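Colleague: Provided below for reference: sequence and predicted model.
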Amino acid sequence: MEIKDKIIALLIDSDNVSNKYFSIILDELSQYGKVTYRRLYGDFTNSKANGWKQALLEYSIEQIQQVAFTTGKNATDSKMIIDAMDILYKGNVNCFCLATSDSDFTNLAMRFRNDNLVVIGAGEQKTPSSFRKACDIFIPIDELMKAEDTPIQKSVKATHTTDSKTKTATDKKREAIIKTAKQIITEGAEADGWMHFSAFMNEIWRKENDFNPKLYGFQNSRPIQFFKSLNEKNKSVFILERKNNVDKIKINKDF
């Protein structure tokens, strides 16, 4: 399944997601398609949710008020799930982004995937693995915010060294993703060595659904530019070309 040009419904659990992450979520979703529904759920009589006021106006977010009728029960979750199912049955979208760090939405994510819809999760690193793994793609919003606050490289050129102690954590992560990418291409490429980039990325996300170039020191989250920029020993690790309006990738045999 190619994850682009999707019609996306963005549903935000204000009990578990801070307003400071909204611009990150919207920026990440822009590479997958168009966000039509933008709904924020919570009890806005509670001071905890007041921080969303400016974002509501700036980004034209629809505020869905839900008062907690019973202490200890999460009314926000229930309302968000009911609305999500209503949107599903209308058939106007083919992708849902559930912005939450709550495992209670795991079954909802699985339900959407069973209907062959793309499910994108957006939450902090503390998000339980059950929900993270139920999503096709998971956006680690707090990690991306840290990455944006850290000086980033304009290219991804790994310095070759035989001393592993001198390698940074980012270098090691980069080496790991190169190894994974090579394995995917070796197993999935056509006889000429080329593999459709969309199929390649589906395999990347299947193995690591929180993959994001920004977490590897790259300047943006566009995967095609990231893999094109990977260099070691002053040589490109991969070759990417557009053939007959289809992006393809292969391992650089000269590497």
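Modeller: Received, thanks.
Colleague: pull out the buried positions in stretch 232-247.
Modeller: Of all the residues in stretch 232-247, those buried under the rule 16 or more other Cβ atoms under 10 Å are Glu232, Ser236, Val237, Phe238, Ile239, Leu240. Quick note: C-beta positions are derived from backbone N, CA and C, even for glycine.
Colleague: so the fourth one sits right up against Ala189, yeah?
Modeller: No - here Phe238 does not reach Ala189: they are 11.4 Å apart, not a contact under Cβ atoms under 8 Å.
Colleague: which of the buried residues of stretch 232-247 fall within strands?
Modeller: Glu232, Ser236, Phe238, Ile239, Leu240 (DSSP state E).
Colleague: and the pLDDT at the third one?
Modeller: The per-residue pLDDT reported for Phe238 equals 97.
Colleague: where does Thr150 land in three-state SS?
Modeller: coil (DSSP: H, G, I helix; E, B strand; the rest coil).
Colleague: for it, what are its contacts?
Modeller: By Cβ atoms under 8 Å, 6 or more residues apart in numbering, the contact list for Thr150 is empty.
Colleague: what's the pLDDT at it?
Modeller: 72.
Colleague: just the one 3 residues further on next, same as before
Modeller: You'll see Gln153 listed with a pLDDT of 48.
Colleague: so what sits against both of Phe238 and Ala189?
Modeller: With Cβ under 8 Å, 6+ apart as the test, Phe238 and Ala189 both reach Lys250.
Colleague: for the buried residues of stretch 232-247, which one is nearest Ala9?
Modeller: Leu240 (31.3 Å; Cβ to Cβ).
Colleague: so that closest one touches Val246, yeah?
Modeller: No - contact between Leu240 and Val246 fails when scored by Cβ under 8 Å: they sit 11.3 Å apart.
Colleague: now the common contact residues for the two.
Modeller: With Cβ under 8 Å, 6+ apart as the test, Leu240 and Val246 both reach Phe197.
Colleague: buried set for stretch 220-232?
Modeller: Ser221, Pro223, Ile224, Phe226, Phe227, Lys228, Ser229, Leu230, Asn231, Glu232.
Colleague: so the first one: helix, strand or coil?
Modeller: Read that as Ser221. Under three-state DSSP, Ser221 comes out as coil.
Colleague: next, the contact list for it, please.
Modeller: Asp27, Glu28, Gln31, Leu144, Asn212, Pro213, Lys214.
Colleague: the third one now?
Modeller: Ile224 is in contact with Phe197, Leu240, Asp247, counting by Cβ under 8 Å, 6+ apart.
Colleague: what average pLDDT does stretch 36-56 get?
Modeller: Mean predicted confidence for stretch 36-56 is 82.
Colleague: tell me how far that stretch is from the chain's mean position?
Modeller: 22 Å (Cα atoms, centre = their mean, to the nearest Å).
Colleague: okay, the contacts of Ile224 in JSON lines with distance to Arg174 next?
Modeller: Listed next are the contacts of Ile224 as JSON lines, based on distance: Cβ to Cβ, whole Å:
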{"residue": "Phe197", "distance to Arg174": "19"}
{"residue": "Leu240", "distance to Arg174": "17"}
{"residue": "Asp247", "distance to Arg174": "21"}
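Colleague: wait, which of those is closest to Arg111?
Modeller: Phe197 (29.2 Å).
Colleague: what does that closest one show for phi and psi?
Modeller: With angles defined as degrees, to the nearest 10, Phe197 sits at phi -60, psi -40.
Colleague: so how far is Glu241 from it?
Modeller: From Phe197 across to Glu241, the span is 10 Å (Cβ to Cβ, to the nearest Å).
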